[in-house]
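Enquirer: Show me the folded form of this:
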Amino acid sequence: MNKKNIILQTLVFAFLCILSFAEEKQKPNVVFIIVDDLNDWIGVMGGHPQTKTPNLDSLAEDGVLFTNAHCNAPQCGPSRGSLLHGLYPKSTGRYFNSPKRMPFYGDQPTQGITSPNAPKNPFVFHQHFKEHGYRVVSGGKVAHGNPKGIMNNVEEYLARPPDTRGNFTDEKANLWGEGGPHNHAVEATGDYKGAQWAIGEWKKGLKADKPLLMTVGFYRPHRPFNAPKAYFEKFPLEGIKLPLVRTDDLDDLPPYGKALARSNAHKDLFKPRTVHEQILHLGGEQEWKYMVQSYLACINYVDVQIGSLLEELKKRPGNRDTVIVLTSDHGWNLGEKTHWCKAAIWRDTTRVPFIVVSPGVAKAGLRNNQPISHVDIYPSLCDFAGIPKPTHLEGRSILPLLKDQSATRDVAFLSYGPENTAAQSERYRYLRYEDGSEELYDHKKDPHEWTNLIGNKKYQKLTKKIRAQVLAFQKK
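Expert: Here you go, the predicted model:
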């Protein structure tokens, strides 16, 4: 080989190295934040007029807020399993936290894969990002239960820091025996510690050669409804506004829907009373207000903790773009339809905040009302990072919705059992229970789902179409 060829080959090799390095530098950092039990009670979503979420609101102004986003299963375990694997519950085999059969259930399975097309060896997105050159860290409650799928595929892992207990400011406790405001310093609380850990990992990531995938799970406003007393003081009890409800709201529901409204996630804690009836039994509307106050205080507390992480991301942006995705694992009822907690498939129970900050992709401050769900997170993160999507994914990337505000979606499918399914369109929600009974709501006219339109002749064509979609989803 002559000297000229050696020089040429050296230059080509150097060019390829530079090109490879440039491509690597183009990969953005990705920060995925998931909050536990947070419904639409954030300022920009208008779920409650008294909520205080300045940091989440600011994040929404920096990115795109998806106002019609939903979990695929309204309980922690199945929801997180679905989003981490990019699969519907019918392909993960997990529909509920507990496989206990409720008295009103029929013959539907309470656990196990029900899809004939379920992939054989799905893997969480942490593993996929690690295999494509990312430094991957995860802390707090990201998975529910056994997090081995995450722990085995991260460089740094932080289990959810324990909550402070005891030392409350008074002897008041709610129906679950939980005190509310406490005297502990905020530095002793779990989500504060989780945020500080994430800040530390972010600083480490700025010095690393690899792009960073960081997933952070915040526990509040999940029960117990505890927070430093300063957060409760922002919401004086005497001025608390209760959720809008109607006393006749259940009258037009089928028996299955009424039974679901009265259930409490496979638990009979206050039998024969429901959770809602127990709250009213303990203290009427005043007790209800205390529960709402506690939820608002915990939301404000976690907003402040998330805000400290977001401030660090802004203060030290590093030399890469950073994509931020924030959501919650499911919604939460506080008396709507006389229902409490999660474990139902009405709008309040499945609707979640969903905010995406994607530099250079979409204009900041936009709102998008197309129906999306958590199963879309995995493919979306891959597109944001510019890495290929695994073949096992069942969701669709939301990148086209970010790039083109005129792009549309048909429906998102949500499950609470293999034969209890909701289909959410841009405007309507259809529910079908395992006994074949149905509900239909027009969210443009009826955002609180007070009027069941099933049987209304005006909506027969729509009902027939969306019913066929749900049945096809259940079977395919």
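Enquirer: Just give me how far the helix or strand Leu414 falls within sits from the chain centre.
Expert: Taking DSSP states H and E as the definition, one finds Leu414 inside strand 412-415. Centroid separation between strand 412-415 and its chain, computed with CA atoms, centre = their mean, to the nearest Å, is 14 Å.
Enquirer: ditto for stretch 331-345
Expert: So, by CA atoms, centre = their mean, the centroid of stretch 331-345 is 15 Å from its chain's centroid.
Enquirer: swap in stretch 95-115?
Expert: 22 Å.
Enquirer: Number of residues surrounding the residue lying closest to Phe66 once chain neighbours are set aside?
Expert: Spatial nearest neighbour of Phe66, excluding adjacent residues (CB to CB, 6 or more residues apart in numbering): Phe354 at 4.0 Å. Every residue, glycine included, has its C-beta placed from N, CA and C. Using other CB atoms under 10 Å, Phe354 has 26 neighbouring residues.
Enquirer: Which strand residues bridge Phe354?
Expert: Thr327 (DSSP bridges).
Enquirer: residues contacting it?
Expert: Leu65, Phe66, Ala69, Val325, Leu326, Thr327, Ile372 (CB atoms under 8 Å, 6 or more residues apart in numbering).
Enquirer: rewinding a little: packing partners of the strand holding Leu414?
Expert: Counting contacts by 3 or more CB pairs under 8 Å, 6 or more residues apart in numbering; DSSP states H and E, strand 412-415 is packed against strand 372-373, strand 421-424.
Enquirer: can you rerun that using 10 Å?
Expert: strand 69-70, helix 76-85, helix 89-92, helix 347-350, strand 372-373, strand 421-424, strand 428-432, helix 460-475 (3 or more CB pairs under 10 Å, 6 or more residues apart in numbering; DSSP states H and E).
Enquirer: so what strands line up beside that strand?
Expert: strand 421-424 (antiparallel).
Enquirer: gap between the strand it pairs with and the chain center?
Expert: On CA atoms, centre = their mean, the centre of strand 421-424 falls 17 Å from the chain's centre.
Enquirer: quick one: which of the contacts of Phe354 is nearest His126?
Expert: Lowest distance from His126 to the contacts of Phe354 (CB to CB) belongs to Val325, with 14.0 Å.
Enquirer: what's downstream of whichever helix or strand the closest one is part of, the next helix or strand?
Expert: For Val325, the element it lies in under DSSP H and E is strand 322-328. Heading C-terminal from strand 322-328, the first helix or strand you meet, by DSSP H and E, is strand 333-334.
Enquirer: So which residues make contact with that following strand?
Expert: Contacting residues not belonging to strand 333-334 are listed as 39, 41, 47-48, 74, 242-243, 245, 261, 275-276, 279, 288, 291-292, 294-296, 339-344, 346-349 [CB atoms under 10 Å, 6 or more residues apart in numbering].
Enquirer: Among those, which lie within strands?
Expert: Counting by DSSP state E, those place Trp340, Cys341 in strands.
Enquirer: which among the contacts of strand 333-334 end up buried?
Expert: 39, 41, 47-48, 74, 245, 261, 275-276, 279, 288, 291-292, 294-296, 339-344, 346-349 (16 or more other CB atoms under 10 Å).
Enquirer: Assumed Pro317 was part of a strand.
Expert: No: read with DSSP: H, G, I helix; E, B strand; the rest coil, Pro317 is coil and lies in no strand.
Enquirer: wait, what's in contact with it?
Expert: Asn29, Leu206, Pro359.
Enquirer: Closest one of these to Phe270?
Expert: Of the contacts of Pro317, the one sitting nearest to Phe270 (CB to CB) turns out to be Asn29, at 46.5 Å.
Enquirer: Restricting to C-alpha, output the strand holding Leu414 in PDB.
Expert: C-alpha atoms of strand 412-415 as PDB (Å, rounded to 0.1, in the frame of the first residue of the first chain):
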ATOM      1  CA  ALA A 412     -57.700   5.100  22.500                       C
ATOM      2  CA  PHE A 413     -58.600   1.800  24.200                       C
ATOM      3  CA  LEU A 414     -58.600   1.500  28.000                       C
ATOM      4  CA  SER A 415     -59.300  -1.600  30.100                       C
END
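Enquirer: Buried residues, it. List them.
Expert: In strand 412-415, counting by 16+ other CB under 10 Å, buried: Ala412, Phe413, Leu414, Ser415.
Enquirer: Could you report the separation of the first one from Val352?
Expert: For Ala412, the distance to Val352 equals 11 Å [CB to CB, to the nearest Å].
Enquirer: Name the residues contacting each of these two.
Expert: Common neighbours of Ala412 and Val352 (CB under 10 Å, 6+ apart) are Ala69, His70, Cys71, Ser373, His374.
Enquirer: In CSV: those residues, plus neighbour count.
Expert: Below are these laid out as CSV (neighbours: other CB atoms under 10 Å):
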residue, neighbour count
Ala69, 28
His70, 27
Cys71, 30
Ser373, 27
His374, 29
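Enquirer: out of the residues you listed, which one sits closest to Leu453?
Expert: Checking these against Leu453 by CB to CB gives His70 as the nearest, at 19.5 Å.
Enquirer: so where do the helices sit in the stretch 51-200 of the chain?
Expert: 54-62, 76-85, 89-92, 125-131, 148-151, 190-207 (DSSP state H, counting those that start in this stretch).
Enquirer: Sounds good, over and out.
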